[in-house]
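>>> Build the 3D model from these lines:
(chains A and B)
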2 protein chains.
Amino acid sequence: MSDRTPDACDLLIEAGFVVPVVPHAVVLENHAVAVTDGKIVAVLPVGEARERFRPKQVVARPDAALIPGLVNTHAHNPMTLLRGVADDLPLKVWLQQHIWPIEAAVIGPDFVSDGITLAIAEMLRGGTTCVNENYFFPDVQAATYKRHGFRARVGLPVIDFPTAWAKSDDEYFERAGEVHDQWRDDALIATAFAPHAPYTVNDANFERVRMLADQLDLPVHLHLHETAQEVQQSQEQYGQRPIARLDRLGLFNDRLIAVHMTQLTEAEIHLCAERGVSVVHCPESNLKLASGFCPACALERAGVTLAIGTDGCASNNDLDMFSETRTAALLAKAVAQDAAALDAATSLRAATLGGAKAIGFDHLVGSIEPGKQADLACVDLSALETQPLHHVVSQLVYATGRQQVTDVWIAGQSKLAQCELVDIDMAGVIANARQWRERIVAIRTT
Amino acid sequence: MSDRTPDACDLLIEAGFVVPVVPHAVVLENHAVAVTDGKIVAVLPVGEARERFRPKQVVARPDAALIPGLVNTHAHNPMTLLRGVADDLPLKVWLQQHIWPIEAAVIGPDFVSDGITLAIAEMLRGGTTCVNENYFFPDVQAATYKRHGFRARVGLPVIDFPTAWAKSDDEYFERAGEVHDQWRDDALIATAFAPHAPYTVNDANFERVRMLADQLDLPVHLHLHETAQEVQQSQEQYGQRPIARLDRLGLFNDRLIAVHMTQLTEAEIHLCAERGVSVVHCPESNLKLASGFCPACALERAGVTLAIGTDGCASNNDLDMFSETRTAALLAKAVAQDAAALDAATSLRAATLGGAKAIGFDHLVGSIEPGKQADLACVDLSALETQPLHHVVSQLVYATGRQQVTDVWIAGQSKLAQCELVDIDMAGVIANARQWRERIVAIRTT
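As a prediction, this is how the structure comes out:
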């Protein structure tokens, strides 16, 4: 025993395995993470931790891996209420005959708030603690995430046509400024510009985004090179591929969070690396909508920050970052024709630190390091489905299901404890989702 | 009330939704399945069922979908003990430096029996009720599946070099005959010839397989066109692609269960349809080993019987047929460049009736129809992750996790009841897997 007086700490989490992500590909056996004031204060062997700290609470999970909370770097979470409403359809039919008419009838603050609450419950149950959100009504989004203590960067939408959120270009930018102002100093919530896509935003609006993003020091969250048609249409309309057009407009830089990126030349991959553009890979959405294959391994090897996102539930149809990370790791190998591509540890890093870096949150989260926020997830590895346990990180990526997540914290606050949501009434959320189903059925049959 | 005397039946399962697979893409709301002597005797509305039957047992699952038990049409289940033992490696390094040396040290009846028992527990917990097994020691496989009341077709291995199972060509065929004889009239277990692959079986052995498969009326379970290298090597060695070579040897016919098939020309796809060859798609294995992309949608549209398999846990790393079916449905769309490819109902059919057809069990299982064996799985759809419930089949394929399986029956025998394994000691199976881990660690460090 040490004769030193133990330090106070709020919480000591003892785990069979701590996977800190930094350093890369390391597994710390029988380690503990000490948390005070929402921050990680130490990562150390369990024995030492028990000597050094006098914690208010101890959570012991000898059969579990403790990982950084997963970062879902591209989502349209209000659309969780449209999960599976229309599947197996060509993109145009899906959007024009199903998604848009339904959205037109339901969109508004209630749809956004209820959809996001359902999404938060699903994300927490699956170990996700942070999201890069992209939808209308960012004011409602921000308030909903804040109310549930969930970390988010919400997108300030910009699109060339009127919507329920704004009627004119000026109104989009005015409302963006208001929402940004309201949340500028929040500990959990931040904003980003979210111009919808190259085919729905004109040069003047992109230029305005660039100017304001520079002034306000905000990232720019954009669907980019999602499909071959997008690239072709840009060449016809602007004589340039979308990336070249964005580069001309001064937006292809380290503020850019480029989502999808299934259509990339070698030169474009290297330009992403040079300019510090982050890429969000949404493998399951890209497969399901037949968009194409993002060269995730080539991007990662070129030095590009690679993140992972689920996309919206209308096109995925879940917010399962374990499944998404696994699909990313599997698909990258076939696309690169290399079984060593995007290995388990690299995929896990993309799902955590990669996402945090892409959205400018890496000083806060994405790894288990002293000084960072205690955004953490505990994953039980004693289940039959992850036995025998030859390699922890391999099991986490290739064999673990999200139902093995037992405990989740955001900024040190318990959000899921022994598989139970701490401050969300799950039955109420499900009942509410069922009401939305009835309402959507009524819309579709009238 | 009817004044007719109710019929006796052993079991009545009432479900919110019955998805019978035949007819295709149908969902029967509030239906019941009556079971007697292990067989389905009726599928009818719950109200009618309660009038018509006087069941010994009623299982009511108003929030669940009842589906045919899933058929895992390609597995190497003893290798479940090697789950995640070596990942993210090129195929040659993976096999030669990891899998083969470990197998050489551990293979034998205990490894086969313990690995299969672990696999059975995992399969049951995930709604799988039938497997097409491919490994050494088919005698031990058959006995293990039988002991647990699990339906299986076990492969009788044929390979050009000596193994722990047989030392010479003659011994492979002798032992195959013995195992076949022992199980020829069993209600749960059947056999198939399982020549390993075109690159490990010479013409003489293939001819012997053809002759005996015809005599004994057995399917032939074969890895085929798995990689581009396999095809290239065959062209160098035999002057033919493997399919052409098998056709010359009289094996490309309706006995053939062709696994992987990532390298196919248009003509080969149509030849599969003409000859009645069944194709087992193992999408996650093909991705993980960077083997290539099976044209699953083109095969299915050409009229080929399409089945789904997980492959072994050393290369997947699970036996999750929900995940595999989802990956099949997603991947097919990107490969076909068509978001309508391999829709949810078609994927579910591949995972059930397709597998049953491929292995010649479709008179027994694969759909919920009177006269078939009661191999059934109940899937809870009330979970938050499958809400709102806009479309049952879509939710089953695109959003359901295997942990939502609550109840499983094989031939009317309860195998999983309210998420608990009925006749397997799960803690014992996990403890045994941990012992194998220790043993394998010891092998690798000596």
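
>>> going forward, measure contacts and count neighbours with C-alpha atoms only.
OK.

>>> do you know how far residue A:96 is from residue A:86?
11 Å (CA to CA, to the nearest Å).

>>> go on, residue A:390?
Distance, residue A:390 to residue A:86, using CA to CA: 41 Å.

>>> Residue A:130 too?
From residue A:130 over to residue A:86 (counting by CA to CA), the distance is 27 Å.

>>> more crowded one of these two?
residue A:130 (29 against 18; other CA atoms under 10 Å in any protein chain shown).

>>> That one looks like it's in a strand, true?
Yes: looking at residue A:130 with DSSP: H, G, I helix; E, B strand; the rest coil, it is inside a strand.

>>> who's it bridged to?
Beta bridges link residue A:130 to residue A:71, residue A:151 when assigned by DSSP bridges.

>>> what residue ranges in chain A score low on pLDDT?
Low-confidence segments of chain A (pLDDT under 70): A:1-3, A:446.

>>> Show me how it divides into domains.
For chain A, the domain assignment from automatic domain parsing gives the residue ranges A:7-68+A:374-411, A:70-358.

>>> Straight-line length of the shortest one, end to end?
So that's domain A:7-68+A:374-411. Domain A:7-68+A:374-411 end-to-end distance (CA to CA) = 20 Å.

>>> Distance from it to the middle of the chain?
21 Å (CA atoms, centre = their mean, to the nearest Å).

>>> cool, stretch A:71-78 as well?
5 Å.

>>> swap in stretch A:184-203?
Worked out by CA atoms, centre = their mean, stretch A:184-203 lies 15 Å from the chain centre.

>>> Ok, stretch A:49-69 next?
With CA atoms, centre = their mean, you get 26 Å for stretch A:49-69.

>>> So for that stretch, what gets flagged as buried?
A:49-50, A:52-55, A:58, A:61-69 (16 or more other CA atoms under 10 Å in any protein chain shown).

>>> mind saving the C-alpha coords of that stretch as CSV?
Only the C-alpha atoms of stretch A:49-69 are listed here, as CSV (Å, rounded to 0.1, in the frame of the first residue of the first chain):
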residue,chain,number,x,y,z
ALA,A,49,-6.2,2.9,-9.5
ARG,A,50,-7.6,1.4,-6.3
GLU,A,51,-4.6,2.7,-4.4
ARG,A,52,-4.5,6.1,-5.9
PHE,A,53,-8.2,7.0,-6.0
ARG,A,54,-11.0,7.2,-3.5
PRO,A,55,-13.9,7.3,-6.0
LYS,A,56,-17.5,8.2,-5.2
GLN,A,57,-18.6,5.4,-7.5
VAL,A,58,-17.0,2.3,-8.9
VAL,A,59,-18.2,0.4,-11.9
ALA,A,60,-16.4,-2.9,-12.3
ARG,A,61,-16.7,-4.7,-15.6
PRO,A,62,-14.1,-7.5,-15.6
ASP,A,63,-15.6,-9.2,-18.8
ALA,A,64,-15.9,-6.0,-20.8
ALA,A,65,-13.9,-3.8,-23.1
LEU,A,66,-14.1,0.0,-22.4
ILE,A,67,-13.9,2.0,-25.6
PRO,A,68,-14.4,5.6,-26.5
GLY,A,69,-18.0,6.4,-27.3
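
>>> does any bit of it sit next to chain B?
No: using CA under 8 Å from any CA of the partner chain, stretch A:49-69 never reaches chain B; the gap is at least 12.5 Å.

>>> Please work out how many residues are found near residue A:267.
8.

>>> Out of the buried residues of stretch A:49-69, which is nearest to residue B:329?
residue A:69 (28.7 Å; CA to CA).

>>> Looks like that closest one contacts residue A:379 (just checking).
No: Residue A:69 is beyond contact range of residue A:379, at 10.6 Å (criterion: CA atoms under 8 Å).

>>> For residue A:25, list the residues it contacts.
A:19, A:345, A:346, A:393 (CA atoms under 8 Å, 6 or more residues apart in numbering or on different chains).

>>> what's the helix or strand for the second one?
If I follow you right, that is residue A:345. According to DSSP states H and E, residue A:345 maps onto helix A:344-349.

>>> Report all helices and strands that that helix contacts.
helix A:321-336, helix A:392-398 (3 or more CA pairs under 8 Å, 6 or more residues apart in numbering or on different chains; DSSP states H and E).

>>> Looking at these, which is nearest to residue B:281?
Using CA to CA, those put helix A:321-336 closest to residue B:281, at 14.8 Å.

>>> Now tell me what touches that closest one from outside.
A:70, A:72, A:126-128, A:281-284, A:293, A:295-298, A:308-310, A:339-344, A:347-348, A:351, A:397-398, A:400-402, B:284, B:286-293.

>>> In contact with the nearest residue to residue A:5 once chain neighbours are set aside, which residues are there?
Distances taken as CA to CA, 6 or more residues apart in numbering or on different chains put residue A:52 closest to residue A:5, at 7.7 Å, once the chain neighbours are dropped. Shown in contact with residue A:52 (CA under 8 Å, 6+ apart): A:4, A:5, A:6, A:7.

>>> Tell me how many other residues surround the second one.
By that I understand residue A:5. Neighbours around residue A:5, by other CA under 10 Å: 10.

>>> ditto for the third one
Residues within reach of residue A:6, counting by other CA under 10 Å, total 14.

>>> Can you point out the buried residues in stretch A:403-420?
In stretch A:403-420, counting by 16+ other CA under 10 Å, buried: A:403-417, A:419-420.

>>> so which of the contacts of residue A:25 comes closest to residue B:112?
residue A:393 (26.1 Å).

>>> is it true that the closest one touches residue A:344?
Yes: using CA under 8 Å, residue A:393 is in contact with residue A:344, at 6.3 Å.

>>> ok, residue A:429 to chain B distance?
8 Å (CA to the nearest CA, to the nearest Å).

>>> May I see the buried residues of the helix or strand hosting that residue?
Secondary structure assignment for residue A:429, by DSSP H and E: helix A:426-444. By 16+ other CA under 10 Å, the buried positions in helix A:426-444 come out as A:426, A:429, A:430, A:432, A:433, A:434, A:436, A:437, A:440.

>>> where's residue A:92 relative to residue A:318, distance?
21 Å.

>>> no no, residue A:396
Distance from residue A:396 to residue A:318, counting by CA to CA: 19 Å.

>>> do residue A:74 as well
With CA to CA as the criterion, residue A:74 and residue A:318 are 12 Å apart.

>>> which neighbours do the two share?
Going by CA under 8 Å, 6+ apart, residues that sit against residue A:74 and also against residue A:318 are A:310, A:312.

>>> tell me which residues in the helix or strand encompassing residue A:113 are buried?
Using DSSP H and E, residue A:113 sits in helix A:109-125. Neighbour-count burial for helix A:109-125, counted by 16+ other CA under 10 Å, picks out A:109, A:111-125.

>>> cool, stretch A:29-43 as well?
Neighbour counts over stretch A:29-43 (16+ other CA under 10 Å) mark A:29-36, A:38-43 as buried.

>>> Going by distance to chain B, which of the residues you listed wins?
Among the buried residues of stretch A:29-43, residue A:29 lies closest to chain B (CA to the nearest CA), at 16.3 Å.
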